[in-house]
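Student: Generate a structure from the sequence data that follows.
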Amino acid sequence: MEFCYTTVKTDKASKYLQQLCKHFRHKVTVDFDPQNGRVDFPGGVVHMLAGEEGLSFFCRADMDDGIPRMKSVLDSHLLKFAWREELDIRWIEGLPDQLPLDRAPALSELIDNA
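Tutor: I've put the predicted structure just below:
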């Protein structure tokens with residue numbers, strides 16, 4: 001199992017989270033509200049969290065090539081939806097020391113299944 005995460009600074013985090021989730025639900029299982037999203041990709045899962053600091057992604061891959069594939073899909077779609085902004089997407093391997101479980105309790109599944 002591999003993990004990665006990022007927070008992309010934007011004041012349209014909730015808008016982009018909802019756009020991404022609505023788009024992905026045509027092909028994969030998705031659950032979301034304006035602040036939290038969960039997407040089950042083939043080979044992994046991504047949790048999204050919209051907050052004041054931006055849009056955060058927390059990924060868990062269950063296959064060897066899952067992380068690069070998820071990062072590629074998320075990057076390309078987010079950049080397409082946010083074409084009016086210059087976003088800086090910098091992925092970090094692993095998970096942060098403190099997951100924001102107070103704002104997104106479902107994130108506990110990432111560490112519970114590790």
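Student: what ranges do the strands span in this structure?
Tutor: For the chain, the strands defined by DSSP state E cover 2-8, 29-32, 36-41, 44-51, 54-61, 92-93.
Student: Indicate which one of these is closest to residue 103.
Tutor: Between residue 103 and these, the tightest spacing by C-beta to C-beta is seen for strand 44-51, at 6.3 Å. In this view, the C-beta of every residue, glycine as well, is placed from N, C-alpha and C.
Student: in this protein, what spans have low per-residue confidence?
Tutor: 113-114 (pLDDT under 70).
Student: Give me the neighbour count for the nearest residue to residue 54 once chain neighbours are set aside.
Tutor: Excluding the flanking residues, the one nearest residue 54 by C-beta to C-beta, 6 or more residues apart in numbering is residue 9, at 4.3 Å. Residues near residue 9, counting by other C-beta atoms under 10 Å, number 12.
Student: which residues touch residue 90?
Tutor: residue 6 (C-beta atoms under 8 Å, 6 or more residues apart in numbering).
Student: Can you give me the distance of it to residue 99?
Tutor: 18 Å (C-beta to C-beta, to the nearest Å).
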